[in-house]
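> Okay, here's the prediction I keep looking at, along with the sequence it came from:
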Amino acid sequence: MGLKSKLGAVFSSNLPKVYYELLFVGFSIMTGMSLSSSFLSLLADQLDPSGALVGMVVSAWFLSRIFLELPAGIISDRIGRRKLLVIGLGLAMLGPILCSQATHIYILIIGRSIWGMGTALYFMSNMALLMDILPVETRGSAIGMFQGIENIGSFIGAPVGALLATQFSFTKVFYFTIVFTLISFVVALRSSAMKDLTSNHESKHSLTFKQISGSLRNWSILIVCVCVLLRMLVIQGIFQTVLQLYLNKNMGLSVGDIGWVISMKVAGQIIFLLIAGYLSDKYGRKPVLAFGFGVGALSIISFILSKSFAGLLLSGFLGGVGEGLGITTLLALLTDIAPANARGGAVGLYRT
């Protein structure tokens, strides 16, 4: 089956209605979440000119997720995905409400912490639901399409948020985030298909916490999670931290030119998120993963050796290609190997 046929199957009636509802919810919440990405550090700096707590605004988001995702995944295997997903969207709405009223840095930190907790519950439950519903023959393509649509929402949200910030104020942009999150919350809350799906899951997998955690003692799952850990170290440590400093201080690029390099990376990621699933369905998960990791390593070498702006743009694109191939294929591989009675816990471990 070719790429066109695979994508046609994704958008045909072969997939359950809940997939398309999750697709809409994912696009909406990612668009809303990314609205503040272009100015969040500037807002934090305004509220805390000393800079001492600016880093906590970003860290609070991730710290709250780290300690919540694994237990939340195990809990979802007991009480169902939809309940935690709806609770997560509710918290993800409370977070920007607090941020919109931030007149002090501590309010912004608390808002970001609650927001991070909400997104942890949402993303974990969302991924586990996808693992429950996707048929093997289109699993990779469907996951790739889902992740691609989410990233398009994120790609759209950042410049739109920057534009809104120039027209209103930093804190007022969070009102638009609230609207996007509210739409996602209402769709998930009223979804009859999601209710039916989670009811069936609960009746099939009412296991004890000990049974669920025991199912996660699987070397294949642990290896996938180690791969995710190493990939995130590269993404966060090199591409999102060192790269910008290298391009500015060593290569002499302006902020605008760095933006073009990052945009090329995002473009490569989105394109290959959409087709990575098809490739992994056709050629297997491991070969596509190995190729993706190889392209990612090549992009780092290319950044070091490139002396021209065109070479840096190509290096950025290659970095995005490697990320796109890795993100989709690792999740598809986890879906293949995770026991049905412990998928929530597997997703929680994967995301932690």
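Received, thanks.
> what residue ranges in the stretch 251-352 of the chain score low on pLDDT?
255-256, 259, 338-352 (pLDDT under 70).
> Start from the N-terminal end of the stretch 1-150 of the chain and give the strands.
Ranges of strands in the stretch 1-150 of the chain, per DSSP state E, counting those that start in this stretch: none exist.
> what about the helices in it?
3-10, 17-34, 40-47, 54-66, 69-79, 81-100, 105-133, 139-167 (DSSP state H, counting those that start in this stretch).
> Can I get these in TSV including mean neighbour count and mean pLDDT?
Bear in mind the C-beta positions are built from the backbone N, C-alpha and C, glycine included. Below are the helices of the stretch 1-150 of the chain laid out as TSV (neighbours: other C-beta atoms under 10 Å; pLDDT from 0 to 100):
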stretch	mean neighbour count	mean pLDDT
helix 3-10	16	52
helix 17-34	21	88
helix 40-47	18	79
helix 54-66	18	76
helix 69-79	22	70
helix 81-100	22	90
helix 105-133	24	86
helix 139-167	20	80
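> Which one of those helices lies nearest to G268?
helix 139-167 (11.1 Å; C-beta to C-beta).
> And that closest one, how far out from the chain middle?
Remark: helix 139-167 is offset 10 Å from the chain centroid, using C-alpha atoms, centre = their mean, to the nearest Å.
> Please convert the helices of the stretch 1-150 of the chain to CSV, extending it with distance to G319.
Shown next, in CSV, are those (distance: least, C-beta to C-beta, whole Å):
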stretch, distance to G319
helix 3-10, 23
helix 17-34, 19
helix 40-47, 22
helix 54-66, 21
helix 69-79, 26
helix 81-100, 29
helix 105-133, 23
helix 139-167, 14
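> Please list the residues outside stretch 165-183 that contact it.
28-29, 31-33, 35-36, 38-39, 42-43, 46, 89, 92-93, 96-97, 99-102, 161, 164 (C-beta atoms under 8 Å, 6 or more residues apart in numbering).
> What ranges does the stretch 251-352 of the chain have for its helices?
255-283, 285-305, 309-337, 343-351.
> Output those helices as TSV; include the columns distance to Y20 and mean neighbour count.
Listed next are the helices of the stretch 251-352 of the chain as TSV, based on distance: least, C-beta to C-beta, whole Å; neighbours: other C-beta atoms under 10 Å:
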stretch	distance to Y20	mean neighbour count
helix 255-283	16	20
helix 285-305	25	17
helix 309-337	18	23
helix 343-351	20	26
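> Let me know which of these is the nearest to L53.
The nearest among the helices of the stretch 251-352 of the chain, by C-beta to C-beta, is helix 255-283 at 24.1 Å.
> Now do the closest one against helix 139-167: the angle between them, please.
With axes from the mean of the first three to the mean of the last three C-alpha atoms, to 10 degrees applied, the angle from helix 255-283 to helix 139-167 works out at 160 degrees.
> elements contacting helix 255-283?
In terms of contacts (3 or more C-beta pairs under 8 Å, 6 or more residues apart in numbering; DSSP states H and E), helix 255-283 is packed against helix 3-10, helix 139-167, helix 285-305, helix 309-337.
> Switch those over to JSON lines; also include distance to Y278.
Formatted as JSON lines, those follow (distance: least, C-beta to C-beta, whole Å):
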{"stretch": "helix 3-10", "distance to Y278": "5"}
{"stretch": "helix 139-167", "distance to Y278": "5"}
{"stretch": "helix 285-305", "distance to Y278": "10"}
{"stretch": "helix 309-337", "distance to Y278": "9"}
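> how about those, which one is nearest V58?
V58 lies closest to helix 139-167 among the helices and strands packed on helix 255-283, at 15.1 Å (C-beta to C-beta).
> Enumerate every residue touching the residue nearest to S302 when sequence neighbours are not counted.
Distances taken as C-beta to C-beta, 6 or more residues apart in numbering put S315 closest to S302, at 3.9 Å, once the chain neighbours are dropped. Going by C-beta under 8 Å, 6+ apart, S315 touches V261, S299, S302, F303, S306.
> For I110, state which of these is nearest.
Closest to I110 out of the contacts of S315 is V261 (34.6 Å), distances taken as C-beta to C-beta.
> State the distance from the closest one to L247.
6 Å (C-beta to C-beta, to the nearest Å).
> Equivalent analysis for I337, please.
For I337, the distance to L247 - C-beta to C-beta - is 38 Å.
> what does L189 give?
From L189 to L247 the distance is 44 Å (C-beta to C-beta).
> more neighbours, the two?
Counted by other C-beta atoms under 10 Å, L189 and L247 do not tie: L247 has more neighbours, with 21 against 14.
> Quick check: the more buried one touching S254?
No - using C-beta atoms under 8 Å, L247 makes no contact with S254, being 9.4 Å away.
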